[in-house]
Every structure is written in C-alpha cells, then in structure tokens.
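[1] Predicted structure and sequence below. I'll ask about it afterward.
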Amino acid sequence: MDDTVLEVTIPGSIGPYHITKIGDDSFKNKHLLKQIVIPSTITEIESEAFKGCHSLQDVIFEEPINVEYIGSEAFATQIIDELNDTCTLGEEPFLSFTGVASTDSAPFKYAMDVGNYI
C-alpha cells in the first residue's frame, strides 16, 4: 500500500473470497493513514495490525460484534520504532472506534482495557 494513502475501506470480499482477517503488521507504520473502514466480514485483527499509524483517528466497524479477536498492540498507534521509524509524533493523539457495539464485542473490550492505551 502506498504510504501516502489517508483513508482505506477494506473490501468484504475480493471475487469469491471473503476477507475475514487483518493480518499481523498489515498497516504497521502507515503514518499518514487517518481512517479505516472495517467490513462486517472481519472476525480477527491480528497483533500490531495498525501499530505506528500515528495519524489514525477513525476506525469504523460495519459490524463490530463480528470481530471475535483483536491481537496485542493492534491499535498501538502512538508507538515509535526508534530504530526504523523516521516519523515523529505531532499533535495530541485521538483514536475513536465507530459502530454499533455491545459490551460483549471485542472492539468494545479492547477499547475499554486501560492496558491498550486508547
């Protein structure tokens, strides 16, 4: 993916294949990414999927209840890899999850866990 992309809408399928997972490091260190739309087909967001996405502000879930698993540091957007990262943090970080969620959904639990620093 081009490092200058600001918004991404992940498709629910490509041809006959359903997209069900956002893999480890999929969007890691995409510093300019501001918004991601996650389709209802996604059931897993693996570790460090959005780690280092310093500009990420809006994570829009079409159906957050379908997400069953979110890996460690998946949304650790403000962590800088001091050896390989040339980006610096700018303004006060802000990250919001949007979508109709229940307290049983993985995105809600992830966001409410103080250890995840959202």
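    Yep, that arrived.
[2] For the rest of this, base every contact and every neighbour count on C-alpha atoms.
    Noted.
[3] sec struct for the most centrally placed residue in the chain, please.
    Closest residue to the average C-alpha location of the chain: Phe50 at 4.6 Å, with Cα atoms, centre = their mean. Put simply, Phe50 is coil when judged by DSSP: H, G, I helix; E, B strand; the rest coil.
[4] I figured it was touching Thr77, is that so?
    Yes: counting by Cα atoms under 8 Å, Phe50 touches Thr77, with 6.3 Å between them.
[5] Tell me the predicted confidence for Lys34.
    With respect to pLDDT, Lys34 scores 94.
[6] Now for it, how many residues are close by?
    The local packing of Lys34 (other Cα atoms under 10 Å) involves 18 other residues.
[7] what's the nearest residue to it if we skip its chain neighbours?
    The spatially closest residue to Lys34, leaving aside those adjacent along the chain, is Leu56, at 4.0 Å (Cα to Cα, 6 or more residues apart in numbering).
[8] do the same with Pro11
    Closest to Pro11 by Cα to Cα, 6+ apart is Pro39, at 6.5 Å.
[9] residues contacting that neighbour?
    9-12, 61-63 (Cα atoms under 8 Å, 6 or more residues apart in numbering).
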